[in-house]
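>>> sequence? don't have it. structure:
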């Protein structure tokens, strides 16, 4: 974590990560994250071995920037396009 607080799901529970924390998700590991704090947060995500995930996060950023709200069906379509699953 670079700044702020982000809630991370490790496959069994949610925990809050703060600046300086490091979390590892093993290959194929169930995980999720959410900023529930109401304040800005920043985190660095590394994929090793690398997999193409940039377009997923770019699309999420575009949705957030535009203020757009997606329907449940639109979320499902987005997740399918990017090999993602709701946590």
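Structure's in. What do you need? Everything numeric here is computed off the predicted structure, so don't read it as measured data.
>>> so where's the protein shaky on pLDDT?
87 (pLDDT under 70).
>>> That one: strands as residue ranges?
5-9, 14-18, 32-34 (DSSP state E).
>>> As a markdown table, the ones you listed with distance to residue 42 and mean neighbour count would be great.
All C-beta spots, glycine's among them, are computed from the backbone N, C-alpha and C. A markdown table is the format used below for those (distance: least, CB to CB, whole Å; neighbours: other CB atoms under 10 Å):
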| stretch | distance to residue 42 | mean neighbour count |
| --- | --- | --- |
| strand 5-9 | 9 | 17 |
| strand 14-18 | 11 | 13 |
| strand 32-34 | 12 | 15 |
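>>> Now distance to residue 73 too, for those strands, in JSON lines please.
Listed next are the strands of the chain as JSON lines, based on distance: least, CB to CB, whole Å:
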{"stretch": "strand 5-9", "distance to residue 73": "23"}
{"stretch": "strand 14-18", "distance to residue 73": "26"}
{"stretch": "strand 32-34", "distance to residue 73": "20"}
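>>> among those strands, which is nearest residue 50?
Of all the strands of the chain, strand 32-34 sits nearest to residue 50, with 19.0 Å by CB to CB.
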